[in-house]
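K.L.:
Got a predicted structure plus its sequence, pasted below:
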Amino acid sequence: MKSLSVKTFAYTLMACSMAWTVVLLTACAPVAQKTAADTVGTSSDNRAYHPVILISIDGFKPDYLNRGVTPRLNALAASGVRAEAMRPSFPSITFPNHYTLVTGLRPDHHGIVGNTMDDARIAGVRFKLSNSSAVLDRRWWDQAEPIWVTAEKNHVRSAIMFWPGSEAAIHGVRPSEYRPYNDKLSPADRVDTVLGWMDKPGASRPQFLTLYFDHVDHAGHEFGPDTAEVTAAVASADAAIARLTDGLRARQIDADLIIVSDHGMAATSPERIVQLDQIVNPLLTNVVTHGSYAGINPKEGQEEAVAKALLQAHEHMQCWKKENLPARFEYGQNPRVPRFICLAEVSWLVEPDAKAAAKAGKGGHGYDNVSKEMQALFIANGPSFRQATVLPPFDNVHVYPLIMKLIHVPALPSDGKLEAVEGALLP
């Protein structure tokens with residue numbers, strides 16, 4: 001509590017001495033006891049403020065809600081809307097699916113086709129999560145326009161906490177508020193930053209916000225999904241959601257919350273590895289990405305030899321030329337997709353060699369996007385949503401038009417359709 005100045009205190013005593021005793025007890029006494037937290041969100045402006053907050057808990061499987069450690073998430077799901085499951089787009093990995101959620105486009109259409117990518121038009125640079133200069137380069141992101149860019153163009157303020165792509169000036173536009181990614185920032189501090197953005201005065205308040213939590217995904221990779229460590233991470237995510245909803249309630253802000261994940265998680269093992277160098281001569285290939293699936297480009301003049309080695313029957317793995325991928329994947333037309341895609345059977349990994357295999361974790365994702373292990377979370381709760389409603393499974397491309405409707409900004413053409421999720425909304 002900030003101390004009252006001597007002058008202010010004197011004026012307060014003078015005012016109180018002139019009032020009835022009952023007024024003194026009920027009105028004047030709280031002046032000295034009220035804290036900043038007590039005064040947040042008490043104005044009519046807060047009660048009229050209805051922001052939309054998109055929250056991602058990376059790698060959160062829907063069945064994690066059954067572990068008995070998510071009271072706040074379960075309460076939001078029970079009193080609002082939940083999906084039986086939300087299907088990620090292929091490949092079921094982090095960057096492609098986060099960009100799908102905010103563009104309504106499949107990875108083939110928005111251009112973020114993997115966590116690791118090559119692009120002949122951006123020569124000499126490999127896009128990957130650890131290459132911060134590439135992540136900041138708008139050329140990788142400019143094949144699409146995410147919600148916050150369209151919102152800002154339409155004079156709707158956005159505030160983006162760590163969403164993939166938010167650090168780049170996509171189409172020359174940045175969010176009104178954003179933070180450079182920092183995996184050391186705790187879930188509580190991420191929540192408090194978002195709450196602080198909503199404490200700004202009227203015209204500077206954001207209408208569309210995002211939050212991103214990555215610790216459930218990290219625990220899943222390191223320890224495997226069916227472990228006590230993942231359960232602890234899930235409990236921590238629920239505590240962060242509780243901190244957010246409690247902060248909104250204290251401020252009397254009635255927000256529309258959409259809580260999602262980008263994919264699920266499958267248990268993996270060093271004993272379940274397909275080793276590429278035992279199938280194709282590594283001198284003939286450039287392995288762009290590996291793990292649950294591998295993206296492989298042949299070196300110049302070696303496509304026929306690589307095709308002969310890869311395009312035959314393999315245990316626990318199937319390979320295709322990218323143009324021959326199953327149509328249901330809706331993947332393979334973008335120039336950034338490697339020439340060959342080799343998809344592992346769920347719980348197996350495709351690694352280039354023994355060295356990479358030795359580094360494999362105990363959990364993975366990126367598998368067939370219809371597999372039960374890859375299904376994602378969807379919960380929605382707030383003044384725009386129905387209560388106690390369960391939606392049948394739907395594709396994650398449909399989240400985009402839903403959000404655009406909520407923030408009253410025209411949606412761009414996309415692969416998503418509002419009709420697929422309109423049952424979540426009040427009439």
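P.N.:
Perfect, thanks for sending it.

K.L.:
Can you report phi and psi for residue 102?
P.N.:
phi -100, psi 0 (degrees, to the nearest 10).

K.L.:
and the residue nearest to it when sequence neighbours are not counted, how many residues sit next to it?
P.N.:
Excluding its sequence neighbours, the residue lying closest to residue 102 (CB to CB, 6 or more residues apart in numbering) is residue 146, at 4.1 Å. To be clear about C-beta, it is placed using only N, CA and C from the backbone, and glycine gets the same treatment. Counted with other CB atoms under 10 Å, the neighbours of residue 146 add up to 30.

K.L.:
Does residue 146 touch residue 99 like I think?
P.N.:
Yes - counting by CB atoms under 8 Å, residue 99 is a contact partner of residue 146 at 6.9 Å.

K.L.:
Now the common contact residues for those two.
P.N.:
Taking CB atoms under 8 Å, 6 or more residues apart in numbering as the criterion, residue 146 and residue 99 both touch residue 165.

K.L.:
Can you give me every residue that contacts residue 118?
P.N.:
126-127, 286, 288, 297, 336, 338.

K.L.:
Check residue 80 too.
P.N.:
Residue 80 sits next to 257, 379-382, 385-389 when contact means CB under 8 Å, 6+ apart.

K.L.:
repeat for residue 188
P.N.:
Going by CB under 8 Å, 6+ apart, residue 188 touches 239-240, 243.

K.L.:
Generate a ChimeraX selection restricted to the buried subset of the residues you listed.
P.N.:
Remark: buried members of those, expressed as a ChimeraX selection using 16 or more other CB atoms under 10 Å:
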select :239,240,243
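
K.L.:
Restricting to C-alpha, output stretch 72-84 in CSV.
P.N.:
The C-alpha atoms that make up stretch 72-84 are tabulated as CSV, following Å, rounded to 0.1, in the frame of the first residue of the first chain:
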residue,chain,number,x,y,z
ARG,A,72,-9.7,-24.2,-13.4
LEU,A,73,-9.5,-25.6,-16.9
ASN,A,74,-12.1,-28.2,-16.2
ALA,A,75,-14.4,-25.5,-14.7
LEU,A,76,-14.0,-23.3,-17.8
ALA,A,77,-14.7,-26.3,-20.0
ALA,A,78,-17.8,-27.4,-18.0
SER,A,79,-19.3,-23.9,-17.8
GLY,A,80,-18.4,-22.9,-21.4
VAL,A,81,-17.6,-24.7,-24.6
ARG,A,82,-15.2,-27.6,-25.2
ALA,A,83,-14.4,-29.7,-28.2
GLU,A,84,-14.2,-33.5,-28.0
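
K.L.:
Give me the buried stretch members for that stretch, please.
P.N.:
Neighbour count says stretch 72-84 has 72-74, 76-77, 80-83 buried, by 16+ other CB under 10 Å.

K.L.:
Mind checking which of those residues land in helices?
P.N.:
Among these, DSSP state H puts 72-74, 76-77 in helices.

K.L.:
picking that back up, weed out the non-buried ones from the contacts of residue 118.
P.N.:
For these, buried by 16+ other CB under 10 Å: 127, 288, 297, 336, 338.

K.L.:
Just the ones of these in strands?
P.N.:
127, 288, 297 (DSSP state E).

K.L.:
Residue 215: which of these is nearest?
P.N.:
Residue 215 has its nearest neighbour among these in residue 127, at 23.8 Å by CB to CB.

K.L.:
Can you give me the distance of the closest one to residue 293?
P.N.:
Per CB to CB, to the nearest Å, residue 127 is found 17 Å from residue 293.

K.L.:
low pLDDT regions in the stretch 151-300 of the chain?
P.N.:
Counting by pLDDT under 70, the stretch 151-300 of the chain has no low-confidence residues at all.

K.L.:
Which residue comes closest to residue 361 once chain neighbours are left out?
P.N.:
Using CB to CB, 6+ apart, the closest residue to residue 361 is residue 221 (4.3 Å).

K.L.:
which other helices and strands contact the helix or strand harbouring that neighbour?
P.N.:
Following DSSP states H and E, one finds residue 221 within helix 215-223. Contacts defined by 3 or more CB pairs under 8 Å, 6 or more residues apart in numbering; DSSP states H and E place helix 215-223 against helix 228-250, strand 363-364.

K.L.:
Save those as a markdown table, and put in distance to residue 105 too.
P.N.:
Putting those into a markdown table (distance: least, CB to CB, whole Å) gives the following:
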| stretch | distance to residue 105 |
| --- | --- |
| helix 228-250 | 27 |
| strand 363-364 | 25 |
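
K.L.:
any idea how the chain splits into domains?
P.N.:
Domain assignment for the chain by automatic domain parsing gives 6-34, 44-265+371-424, 273-360.

K.L.:
Out of these, which one sits most buried?
P.N.:
domain 44-265+371-424 (a mean of 20; mean count of other CB atoms under 10 Å).

K.L.:
now that one, how far from the chain's geometric center?
P.N.:
The chain centre lies 3 Å from the centre of domain 44-265+371-424; the measure is CA atoms, centre = their mean, to the nearest Å.

K.L.:
Helices along the stretch 1-150 of the chain, start to end?
P.N.:
6-17, 21-23, 29-33, 36-39, 44-47, 71-79, 94-103, 107-110, 132-135, 147-153 (DSSP state H, counting those that start in this stretch).

K.L.:
Let's see the pLDDT reported for the nearest residue to residue 387 once chain neighbours are set aside.
P.N.:
The shortest distance from residue 387 to any residue other than its chain neighbours is 5.8 Å, reached at residue 79 (CB to CB, 6+ apart). pLDDT, residue 79: 98.

K.L.:
need the contact list for residue 211.
P.N.:
Counted by CB under 8 Å, 6+ apart, residue 211 has contacts 53-56, 161-162, 190-191, 194, 244.

K.L.:
Could I get those in JSON lines, plus columns for distance to residue 274?
P.N.:
Shown next, in JSON lines, are the contacts of residue 211 (distance: CB to CB, whole Å):
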{"residue": "53", "distance to residue 274": "41"}
{"residue": "54", "distance to residue 274": "36"}
{"residue": "55", "distance to residue 274": "35"}
{"residue": "56", "distance to residue 274": "30"}
{"residue": "161", "distance to residue 274": "37"}
{"residue": "162", "distance to residue 274": "33"}
{"residue": "190", "distance to residue 274": "37"}
{"residue": "191", "distance to residue 274": "41"}
{"residue": "194", "distance to residue 274": "42"}
{"residue": "244", "distance to residue 274": "42"}
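
K.L.:
What about those residues, which are in strands?
P.N.:
Going by DSSP E, the strands hold 53-56, 161 from those.

K.L.:
Return the member of the residues you listed nearest to residue 320.
P.N.:
Closest to residue 320, out of all of the ones in strands among the contacts of residue 211 and judged by CB to CB, is residue 56, at 29.7 Å.
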